[in-house]
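can't give you the sequence, but here's the structure:
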């Protein structure tokens with residue numbers, strides 16, 4: 001018999017949590033239940049799959065270890081943009097061919113358009129702003145690379161990116177001593193990711209899908225013609241299962257996941273609202289979402305309420321000393337890049353997991369050797385658009401309305417294991433040292 005109960009809502013102290021109304025948490029799973037499809041992870045991918053399935057009349061539940069928006073979907077920087085892979089377009093062409101690379105880029109654009117359409121049709125504002133995004137050269141020598149990339153994108157993908165000189169950056173409000181030029185991309189927008197993921201969850205509920213919070217799945221075993229998903233206070237039996245927990249996944253549920261993803265750290269700080277005088281002093285007045293050309297990039301933007309969001313990559317370990325060191329590096333980088341704001345301390349500061357794969361591409365499809373188990377994971381720090389469309393496409397696979405070969409080839413290949421998985425974080429630390437050297 002299925003029973004539910006409320007548990008205290010766990011928070012991380014992010015600006016996004018403070019910016020939306022306090023929401024009633026989804027009830028915990030107590031007892032047993034049966035659904036056609038059970039989804040692990042109440043983020044963009046899992047909820048997008050659940051929405052499509054529920055709208056098609058499929059009984060579906062979503063199980064989350066905490067609550068909607070607790071994981072990466074409620075912690076990220078709110079960049080609905082191109083991405084989802086660490087391979088650039090040239091690497092995509094070399095690895096998959098020009099046509100498949102074009103399909104993959106078109107898929108990313110479709111993901112951006114899907115999120116925009118959802119927000120419009122649901123009447124959700126979500127603090128949208130920024131028409132496109134800009135990549136800022138942090139070294140003078142990177143200007144030529146941006147110029148070459150602009151020509152390459154136009155010739156091979158029809159993307160009309162525009163190159164801005166250092167003077168043009170200053171004129172358009174991209175003020176900073178370390179910005180030598182920029183490449184402005186015409187796709188994407190910024191948003192409040194917590195507002196979006198909560199609206200997505202509400203659509204799932206309205207369509208008849210069930211969401212259970214505080215219900216981490218601790219075991220996944222075969223039970224006749226169904227899968228048995230074990231939780232702390234009960235279990236779910238389902239014909240099909242979707243793995244959508246991304247960088248927050250339990251690697252032993254199922255054991256196939258073990259060693260196939262690399263959760264790494266990303267941190268975000270948000271200031272108090274800045275005055276017009278403070279914005280003018282720095283010369284940053286644009287609301288365009290931005291990142292720099294470092295491998296261990298910084299990403300930043302001015303929010304609608306004039307707060308400034310500043311994010312960093314590069315953390316590996318999630319213990320207190322490592323997190324303190326990560327925050328210290330982030331503060332030092334912020335002061336160097338935006339010296340006029342050096343004395344402005346953040347009002348909000350938090351971190352979260354980015355999920356990498358060995359191939360540096362996502363996987364969307366059926367898990368090999370596990371009949372009826374599917375996965376949609378590996379967004380590489382850019383999951384707002386990519387996870388949203390991938391969850392919906394995965395539902396299409398489950399419903400039989402889509403074939404695996406209908407997806408771009410970069411999404412079709414199951415994750416391979418990292419060599420010596422137990423040492424993943426150690427050799428990632430070595431890679432980060434090398435990336436830091438390259439960035440300098």
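Arrived safely, thanks for sending. Every value quoted in this text rests on a predicted model; they were computed, and no experiment measured them.

Now do the SS call for the nearest residue in space to residue 275 that is not next to it in sequence.
Closest residue to residue 275 apart from its sequence neighbours, by CB to CB, 6 or more residues apart in numbering: residue 306 at 7.8 Å. (C-beta placed from N, C-alpha, C; glycine too.) Counting by DSSP: H, G, I helix; E, B strand; the rest coil, the backbone at residue 306 sits in coil.

who's in contact with residue 306?
Residue 306 sits next to 273, 274, 275, 279 when contact means CB atoms under 8 Å, 6 or more residues apart in numbering.

Look up phi and psi at the most centrally placed residue in the chain.
Centroid-nearest residue in the chain, with CA atoms, centre = their mean: residue 383, separated by 2.8 Å. Backbone dihedrals for residue 383, given as degrees, to the nearest 10, come out at phi -110, psi -10.

quick one: the residue nearest to residue 275 and residue 276, what's the gap?
Going from residue 306 to residue 276 by CB to CB, to the nearest Å gives 8 Å.

can you tell me how far residue 29 sits from residue 195?
Distance from residue 29 to residue 195, by CB to CB: 26 Å.

got it, and residue 54?
Using CB to CB, residue 54 is found at 21 Å from residue 195.

all strands of the stretch 251-400 of the chain, in order?
261-270, 289-292, 298-302, 308-315, 348-357, 363-366, 373-377 (DSSP state E, counting those that start in this stretch).

buried subset of the contacts of residue 306?
274, 279 (16 or more other CB atoms under 10 Å).

Sitting in helices, which of the contacts of residue 306 do you find?
residue 279 (DSSP state H).

Any chance of TSV for the contacts of residue 306, columns distance to residue 266 and pLDDT?
Below are the contacts of residue 306 laid out as TSV (distance: CB to CB, whole Å; pLDDT from 0 to 100):
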residue	distance to residue 266	pLDDT
273	24	98
274	23	98
275	28	98
279	25	98
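
contacting residues around residue 132?
184, 185, 186, 187, 188, 189, 288.

nope, residue 108 is what I meant
Counting by CB under 8 Å, 6+ apart, residue 108 makes contact with 82, 83, 84, 187, 385, 386.

From the contact counts, what lies against the longest strand along the chain?
Ordering each strand of the chain by length in residues (DSSP state E) puts strand 28-40 first. Judged by 3 or more CB pairs under 8 Å, 6 or more residues apart in numbering; DSSP states H and E, strand 28-40 is in contact with strand 2-5, helix 44-55, strand 60-63, strand 210-212, strand 226-231, strand 234-243.

right, so of these, which gets closest to residue 362?
Smallest distance to residue 362 across the helices and strands packed on strand 28-40 (CB to CB): 9.3 Å, for helix 44-55.

model confidence over stretch 112-126, on average?
Averaging pLDDT along stretch 112-126 yields 97.

contact partners of that stretch?
Contacts of stretch 112-126 (CB under 8 Å, 6+ apart): 80-82, 128, 187-189, 191-192, 195-196, 199-200, 203, 384-385, 388-389, 392.

buried set for it?
For stretch 112-126, by 16+ other CB under 10 Å, it's 112, 114, 115, 116, 118, 119, 124, 126.

So for residue 29 and residue 195, which residue has more residues nearby?
Between residue 29 and residue 195, counted using other CB atoms under 10 Å, the more crowded position is residue 29 (27 against 22).
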